[in-house]
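**Q** 3D model of this:
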Amino acid sequence: MHFISLISYLIVETGPDLQIRIKYTTVLIILLISVSLKGQDPHFSQFYANALYLAPSFAGAIEENRISINYRNQWPAVSGVFNTYSFSYDRYMPNFRSGIGILATYDVAGSGDLSTTNIGLLYSYDIQLNREWHIRPGINFKFTYLGLNYGKLIWNSMITARGTTPSVYPPPFEGVADVDFAFSALAYNDRIWGGVNFDHLFKPRQSFYGDWDTHVPVKVNVFGGIQISRRGRLLNRYSEVISVAANIKYQDRFWQSDLGLYYYRDPVIFGLWYRGIPFVTSQAGDAIIGLIGIKTQNLHIGYSYDFTISNLIASTGGSHEISLVYEFITSTLGSRRRMFHAVPCPEF
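**A** Next comes the predicted model:
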């Protein structure tokens, strides 16, 4: 009620400071709405093409080196921009049974460029339980920054017959910097994998006005799958694989569930996902995702499209996603190659 009274007062009050109050209050409303929406993390449909974003346990879960670049354009038909960029590098260190990595993400939304930047350092350790099963705990310690380009916002007082004029009032806030932490665990053998990731354990602040009660909620991510069929020659990588996988997320009372199928026949991979499984999601029947990719020994290139099937079907324009993953070896592994046990999940 106090908030409604404040808005009513600003609307009916007159005077030279009215425009200033309206501007600042409008910014506050926009930020409150935006922060509420941004409480949900950016989402990638190609989970395993951005494995370090999915869980830090995947750091170093390759033969030696990996570079991953990901781009997602969500809802292009909606006014403004909703783009997410991601870059990561990770390396496996067989002498220490460990993996290290760095992950940087940049998410921008709206015409005011409300952005979230995260830069994290990752570590994982491979524990061999027996001849078949491995467990990889992982951690991600990261720096996070929330920003807004106030100069790109246009107010009615700035519009003139000659175009727009810049605002003479400085922004009433600054960007928000904080630190965050994530922990994950991954279990796998040569056919089955499954894991859980707990993100935003430090609950970083997300308020431009110093409100300590406004923070990023903890996110829990449960994922896994199985290779149900595969063919290949002995001692060579498989030339044909069919996998089933699932991914379930929970954050701030919202659930999202994905169930999908991958078919790989060297060198092409196809994928089909359904997002919004009834009773395991907050938005049943959300989207159908189609994937096509090329997988070679070192290079993986993928494209996916989210086709919206909810009541937003005519408004969003779906979502486009592109991934590029390059794996390479810089040293002679020799006998250490036998120590590496690959996670059997798809590359996209």
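
**Q** Ramachandran angles for the residue nearest to Tyr125 when sequence neighbours are not counted?
**A** Nearest residue to Tyr125, sequence neighbours excluded (CB to CB, 6 or more residues apart in numbering): Ser98, at 5.2 Å. The way it works is simple: take the backbone N, C-alpha and C, and place the C-beta from them, glycine included. For Ser98, the backbone dihedrals (degrees, to the nearest 10) come out as phi -130, psi 160.

**Q** Double-check Ser98 against Gly60; I have them as touching.
**A** Yes - at 6.4 Å, Ser98 counts as touching Gly60 under the criterion of CB atoms under 8 Å.

**Q** tell me, what's touching those two both at once?
**A** Shared contacts of Ser98 and Gly60 (CB atoms under 8 Å, 6 or more residues apart in numbering): 92, 124, 126.

**Q** out of these, which is most surrounded?
**A** Ser124 (27 neighbours; other CB atoms under 10 Å).

**Q** in the sheet, who's paired with that residue?
**A** Gly99, Gly138 (DSSP bridges).

**Q** One more: Leu291?
**A** Gly271, Ser304.

**Q** ok, back up a step: now, which of the shared contacts of Ser98 and Gly60 sits nearest Tyr305?
**A** Ser124 (31.3 Å; CB to CB).

**Q** returning to what we had before: could you check which of Ser98 and Gly60 is surrounded by more residues?
**A** Taking other CB under 10 Å, Ser98 and Gly60 do not tie; Gly60 has more neighbours (30 against 17).

**Q** which phi and psi does that one have?
**A** Residue torsions, per degrees, to the nearest 10, at Gly60 are phi 80, psi 10.

**Q** Which residue, other than its chain neighbours, is closest to it?
**A** Closest to Gly60 by CB to CB, 6+ apart is Gly99, at 1.5 Å.

**Q** so what's Phe183 up against?
**A** Contacts here follow CB under 8 Å, 6+ apart; on that basis Phe183 touches 56, 137-140, 197-198, 201.

**Q** now swap in Pro56 and tell me
**A** Taking CB under 8 Å, 6+ apart as the test, what Pro56 contacts is 101, 120, 122-124, 138-140, 182-184, 197.

**Q** what's the neighbour count on Ile228?
**A** Quick note: Ile228 (other CB under 10 Å) scores 11 neighbours.

**Q** Is it in a helix, a strand, or coil?
**A** Following DSSP: H, G, I helix; E, B strand; the rest coil, the label given to Ile228 is strand.

**Q** Now it: closest residue in space, sequence neighbours ignored.
**A** Closest to Ile228 by CB to CB, 6+ apart is Ile242, at 5.4 Å.

**Q** partner residues bridging the one you found?
**A** Here Ile242, judged by DSSP bridges, has bridge partners Ser229, Tyr263.

**Q** correct me, but it touches Gln227?
**A** Yes - here Ile242 reaches Gln227: they are 7.1 Å apart, a contact under CB under 8 Å.

**Q** So for these two, which residue has more residues nearby?
**A** Between Ile242 and Gln227, Gln227 has the larger neighbour count (other CB under 10 Å), namely 20 against 15.

**Q** For stretch 341-348, what is the spacing between the initial and final residues?
**A** Start-to-end span of stretch 341-348 (CA to CA, to the nearest Å) is 19 Å.

**Q** typed the wrong thing, it's stretch 307-314
**A** 10 Å.

**Q** How far away from the center of its chain is that stretch?
**A** Offset of stretch 307-314 from its chain centre (CA atoms, centre = their mean, to the nearest Å): 21 Å.

**Q** got the contact list for stretch 69-85?
**A** Contacts of stretch 69-85 (CB under 8 Å, 6+ apart): 42-46, 49-50, 53, 86-87, 105-111, 113, 306, 315-325.

**Q** hmm, which of these are the buried ones?
**A** Buried members of these, counted by 16 or more other CB atoms under 10 Å: 42-46, 49-50, 53, 86-87, 105-110, 113, 306, 316-319, 321, 323, 325.

**Q** Inside strands: which ones of those residues?
**A** 86-87, 105-109, 306, 319, 321, 323, 325 (DSSP state E).

**Q** Widest-spaced pair of these?
**A** Across these (CB to CB), the longest gap, 25.6 Å, separates Ala109 and Val325.

**Q** if I look at Gln251, how far off is Ser239?
**A** 39 Å (CB to CB, to the nearest Å).

**Q** Over to Ala55?
**A** Ala55 is 28 Å from Ser239, by CB to CB.

**Q** Neighbour count for the two, which is higher?
**A** Ala55 (27 against 13).

**Q** How many neighbouring residues does the closest residue to Phe254 other than its chain neighbours have?
**A** Excluding its sequence neighbours, the residue lying closest to Phe254 (CB to CB, 6+ apart) is Ser282, at 4.7 Å. Look at Ser282: counted by other CB under 10 Å, it has 12 neighbours.

**Q** Kind regards, and thank you for your time.
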